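Visitor: heads up, no residue letters with this:
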């Protein structure tokens, strides 16, 4: 799949990119906040967006709402810290396909991406 990675921490984007590319996916773009994510999604039209919840300027929940308003069929997997259960539940309510809790295992990240990729194929 062609994936947009959104996280305010560069080392986290690098880690995610390495895992996903090793899993056979293509990273088409990377963003450091929700505002950049919105612009890059329009430009690159990725198959999936993998996005952190906690970011400056525009957090992942606001970006998720705007992406889903623009494209109700978009596939989005959210990432969050361990103690952020309320925001994870909100993300699912807003239409996220899945979520991954940081720190995550490689297998869990690839499984979430695979699951989200299968949603529109059914």
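Guide: Sure thing, it's come through. No experiment lies behind these values; they were computed from the predicted model shown.
Visitor: Nearest the middle, which residue of the chain would you pick?
Guide: residue 50 (1.6 Å; C-alpha atoms, centre = their mean).
Visitor: for the helix or strand encompassing residue 88, packing partners?
Guide: Element membership for residue 88, per DSSP states H and E: helix 85-93. Secondary-structure packing of helix 85-93 (3 or more C-beta pairs under 8 Å, 6 or more residues apart in numbering; DSSP states H and E): helix 60-70, strand 76-81, strand 98-102. Just so you know, the C-beta spots here come from the backbone N, C-alpha and C atoms, and that holds for glycine as well.
Visitor: closest to residue 118 out of the ones you listed?
Guide: strand 98-102 (10.6 Å; C-beta to C-beta).
Visitor: Redo the helices and strands packed on helix 85-93 as a markdown table? Include mean neighbour count and distance to residue 7.
Guide: Listed next are the helices and strands packed on helix 85-93 as a markdown table, based on neighbours: other C-beta atoms under 10 Å; distance: least, C-beta to C-beta, whole Å:
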| stretch | mean neighbour count | distance to residue 7 |
| --- | --- | --- |
| helix 60-70 | 19 | 9 |
| strand 76-81 | 23 | 7 |
| strand 98-102 | 19 | 9 |
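Visitor: closest one to residue 39 among the ones you listed?
Guide: Comparing the helices and strands packed on helix 85-93 by C-beta to C-beta, helix 60-70 comes nearest, at 10.7 Å.
Visitor: got a list of contacts for the closest one?
Guide: 6, 33-35, 37-38, 41, 49, 51-54, 74, 76, 78-80, 87, 90-91, 94-96 (C-beta atoms under 8 Å, 6 or more residues apart in numbering).
Visitor: now that helix and helix 85-93, what's the angle there?
Guide: Here helix 60-70 points in a direction 10 degrees away from that of helix 85-93 (axes from the mean of the first three to the mean of the last three C-alpha atoms, to 10 degrees).
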